[in-house]
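**Q** Predicted model and sequence below, questions to follow.
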Amino acid sequence: MGKLTKRLEDASRSGVYRASGADEILDAVRGSRLAVARIAYGEKQALLRNVAAALRFPRWFGENWDALEDCLGDLSWSDARGHVLIVENAQAGDELGVFLDVLRSSAEYWAGRGRPFFAVFIDPTGRLALPVLHGGK
């Protein structure tokens with residue numbers, strides 16, 4: 001097991017991060033009990049639908065920020081040991097701020113319950129003001 005795999009399996013390290021690419025993350029979770037979800041960033045409604053599809057939210061998902069937080073705080077339909085969300089093509093703006101707040105809250109919630117929850121924004125240029133997940137800049 002590599003260092004990145006150990007980090008992603010450590011619930012106490014749960015949070016919102018950035019990385020330069022997705023391949024190393026995908027390799028790290030392969031064979032683990034962590035569920036990985038690739039999410040294409042978009043306008044609010046597209047983003048919410050993309051998250052719901054990637055994490056297989058139940059039909060009752062209301063496609064708003066509160067419903068997103070509710071579903072991310074539930075995940076009872078998943079038998080995964082933890083979750084790694086890979087978010088691609090994020091764009092700066094108010095919606096990103098709200099999305100980050102929801103993800104941080106969810107990571108804190110799951111860390112308190114001993115289940116890893118990571119949201120990793122793919123950011124090869126390092127423009128997002130987020131900590132780096134592993135190595136690199």
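**A** Yep, that arrived.
**Q** So Cys71 sits against Ala53, correct?
**A** No. Between Cys71 and Ala53 there is no contact, the gap being 11.9 Å when judged by C-beta atoms under 8 Å. C-beta here means a position set from N, CA and C on the backbone, and glycine is covered the same way.
**Q** neighbour-wise, which of the two wins?
**A** Cys71 (22 against 13; other C-beta atoms under 10 Å).
**Q** Which strand or helix spans that one?
**A** Under the criterion of DSSP states H and E, Cys71 resides in helix 65-72.
**Q** And for Ala35?
**A** Using DSSP H and E, Ala35 sits within strand 34-40.
**Q** residues in contact with the helix holding Cys71?
**A** Helix 65-72 is contacted by residues 48, 51-52, 55, 57-58, 61, 98, 102-103, 105-106, 109, 117 when judged by C-beta atoms under 8 Å, 6 or more residues apart in numbering.
**Q** Between all of those residues, which two are separated the most?
**A** Within the contacts of helix 65-72, Pro58 and Val98 form the most distant pair, 21.8 Å apart (C-beta to C-beta).
**Q** picking up where we left off before, of the contacts of helix 65-72, just say which sits nearest to Gly2.
**A** Nearest to Gly2 among the contacts of helix 65-72, counting by C-beta to C-beta, is Phe117 at 19.7 Å.
**Q** who touches that closest one in this structure?
**A** If a contact means C-beta under 8 Å, 6+ apart, then Phe117 has 11, 14, 72, 82-83, 106-107, 109-111 as its contacts.
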